[in-house]
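**Q** pasting a predicted model and its sequence here:
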Amino acid sequence: MNAVANVVAADVAALINQRGVAETARRVFREQAEALNRTADGLGPDFERAVQLIRSIKGRVIISGMGKSGIIGRKIAATLASTGTPAFFVHPGEAYHGDLGMITRDDIALLLSYSGETEEVIRLIPSLRSFGVPIIAIAGKSQSTLARNANVFLDVHVDRETCPHNLAPTTSTTATLVMGDALAVSLMQLKNFRPQDFAVFHPGGSLGRRLLTRVSDVMHRHYPVNHPNDGIREIITAITRGRLGLTIVMEDGVLQGIITDGDLRRAIYANTDFSDLTAADFMSRSPLTIADSEMFAEAEVIMNKAKVNSLLVTDASRQIMGVLKIFDAMAS
């Protein structure tokens with residue numbers, strides 16, 4: 001009995017521990033969300049000056065930070081670069097031993113240090129000043145050496161780290177990361193950075209295919225067609241043979257409508273005797289279309305908004321050229 005009791009007690013303890021772990025995780029999310037909200041509420045003219053300063057330069061954004069701030073800095077550099085703002089990360093230690101040669105007078109420096117006193121970062125300030133490079137500081141202390149010597153200071157102060165001992169950089173690194181994202185997104189908006197622009201920097205993988213592919217590249221040029229007077233048997237046969245989940249209803253070369261397999265099922269369910277139904281009775285008379293010259297990304301937006309998985313493709317004279325399915329760019 002003691003052995004059984006011990007097993008039960010162990011199971012109960014494990015369950016309690018699991019619940020405790022989940023609650024700890026929820027606390028981390030809540031505390032960091034609250035800290036981000038406070039940081040957002042504190043944004044003002046300094047953030048606007050930082051964005052305009054970055055936008056005005058001819059060169060690149062040079063990002064530098066040590067330790068966890070350096071890791072965050074690499075991510076910020078990658079985000080800026082992929083969204084149309086040339087940027088790269090320079091390790092502050094390496095910069096002081098030769099990599100300062102990467103920096104030109106046309107650049108701007110984004111220096112990261114939560115304390116604002118990180119020695120390797122502070123040592124960069126005189127050199128950057130001698131180059132005439134503006135400095136934007138992201139730090140948590142407004143009276144720190146870094147903040148006082150920067151052209152613009154972005155405050156990411158947090159009341160405490162979500163680390164139970166208030167030691168490991170957790171909430172502060174999250175605030176720094178989001179500040180970087182806020183800079184990148186604000187610059188995207190000012191530059192009217194479009195999906196087509198994004199595609200230039202992301203040519204690989206499924207994302208690149210969707211953004212760089214035109215509708216005409218992946219549309220189905222062979223598609224089933226029915227006449228408005230065709231009955232259920234002809235319609236089912238056409239949809240089955242076409243293998244697109246639809247058929248286009250045409251008369252004398254003019255588009256009349258479209259019937260999807262969903263339209264067909266609904267018509268059958270709604271009519272006890274459907275043997276006399278014709279295509280004209282239940283076709284969709286105003287199907288969505290897209291020009292063959294449009295980008296697949298635009299077609300995807302239209303389909304997702306309308307909650308459909310197919311579009312009819314037309315040319316400049318509005319003639320039907322093919323059918324586009326939502327997964328076509330993935331399969332190309």
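**A** Great, that's in hand. Everything quoted here is computed from the prediction, not taken from an experiment. Numbers count the residues shown, from 1 in each chain.

**Q** pull out the buried positions in the helix or strand hosting Gly262.
**A** Assigned by DSSP states H and E, Gly262 belongs to helix 261-270. Across helix 261-270, burial judged by 16 or more other C-beta atoms under 10 Å covers 263-264, 267. For the C-beta atoms, the positions are set from N, CA and C on the backbone; glycine is no exception.

**Q** what about that helix, average pLDDT?
**A** Taken as a whole, helix 261-270 has a mean pLDDT of 90.

**Q** could you pull up the mean pLDDT of the helix or strand just after it?
**A** The helix or strand immediately downstream of helix 261-270 is helix 279-282, counting by DSSP H and E. The average pLDDT within helix 279-282 is 94.

**Q** only C-alpha atoms, please: export helix 279-282 in CSV.
**A** The C-alpha coordinates for helix 279-282 follow below in CSV (Å, rounded to 0.1, in the frame of the first residue of the first chain):
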residue,chain,number,x,y,z
ALA,A,279,-26.0,25.1,-65.1
ALA,A,280,-28.0,28.3,-65.5
ASP,A,281,-30.1,27.4,-62.4
PHE,A,282,-27.3,27.5,-59.9
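
**Q** please compute how far it lies from its chain's middle.
**A** On the basis of C-alpha atoms, centre = their mean, to the nearest Å, helix 279-282 sits 41 Å off its chain's mean C-alpha point.

**Q** in that helix, what's buried?
**A** 279-280, 282.

**Q** which residues does the very next helix or strand once past that helix contact?
**A** Later in the chain than helix 279-282, the nearest helix or strand by DSSP H and E is strand 289-291. Strand 289-291 is contacted from outside by 215, 298-299, 302, 311-316, 318, 324, using C-beta atoms under 8 Å, 6 or more residues apart in numbering.

**Q** what helices and strands are in contact with the helix holding Gly262?
**A** If contacts are counted by 3 or more C-beta pairs under 8 Å, 6 or more residues apart in numbering; DSSP states H and E, helix 261-270 sits against helix 232-242, helix 279-282.

**Q** make it 6 Å
**A** Using 3 or more C-beta pairs under 6 Å, 6 or more residues apart in numbering; DSSP states H and E as the contact test, no helix or strand touches helix 261-270.
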